[in-house]
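sequence and predicted structure, then a few things I'm wondering about:
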Amino acid sequence: MINDFSRGIFLEDADTLLPWDFSREELGTIANPIQQESSDRFLLHWNGHVLFGGVKVQVEAVFYKENRQAHDHHNASGRLHGVNLNFPQMENLHPREQFERLKIDFIQALGAPSFEREGNSQSSDLPLAKWELPDALVVLMVFEHFFEYCVCEVRHKPRPAKIK
């Protein structure tokens, strides 16, 4: 089964669902994630799983502790409403090349993106593709923080109300 995102993130290789709206504690019991805690957040990582019909990913769920800057984060309620997908380095490809290869896989699994930016300039215009699906927003992108990285965000829709 390829993920339709209506109920959560489906780890295809493990035949396991990470359900939307589950708490960090509940998610910690599913598919044996690596759990990390820092001063401001809890991280859960499910490494080496398959999504999108064959793409190997690390699924990362971030839950911030009480901190005002995190209130706009998709998991600010303490329940799963979004994940980050990180990709193992593909044959040591540059992140923009990795983006192009992954975009092909995403198109096969999700159809044509609803928005796409090619990222022709070297500095500010980084490649990005969005899929507005009935139950989720999927964003594949290259971003820069000291170096360029290819990542993906999957956010459940509708987005929960902001915490005040």
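In hand now; what should we look at?

so what pairs up with residue 82 in the strands?
Partner residues in beta bridges with residue 82, using DSSP bridges, are residue 155.

hang on, it packs against residue 154?
Yes. Counting by CB atoms under 8 Å, residue 82 does reach residue 154; the two are 6.3 Å apart. The way it works is simple: take the backbone N, C-alpha and C, and place the C-beta from them, glycine included.

can you list the residues that contact stretch 57-69?
By CB atoms under 8 Å, 6 or more residues apart in numbering, the surrounding residues in contact with stretch 57-69 are 9, 11, 18, 24, 27, 33, 39-51, 70, 73, 75-76, 78, 80, 82-88, 152.

ditto for stretch 12-24
Applying CB under 8 Å, 6+ apart, the set of residues contacting stretch 12-24 is 1-3, 7-11, 27, 30-31, 42, 44, 46, 49-51, 53-54, 59, 61, 63, 78-81, 83, 156.

then stretch 104-119?
Contacts for stretch 104-119 (CB under 8 Å, 6+ apart): 2-3, 52-55, 96, 99, 103, 125-133, 138, 140, 142.

what do you get for stretch 79-88?
By CB under 8 Å, 6+ apart, stretch 79-88 touches 8-9, 18-24, 27, 48, 51, 55-62, 74-75, 98, 102, 150-156, 159-160.
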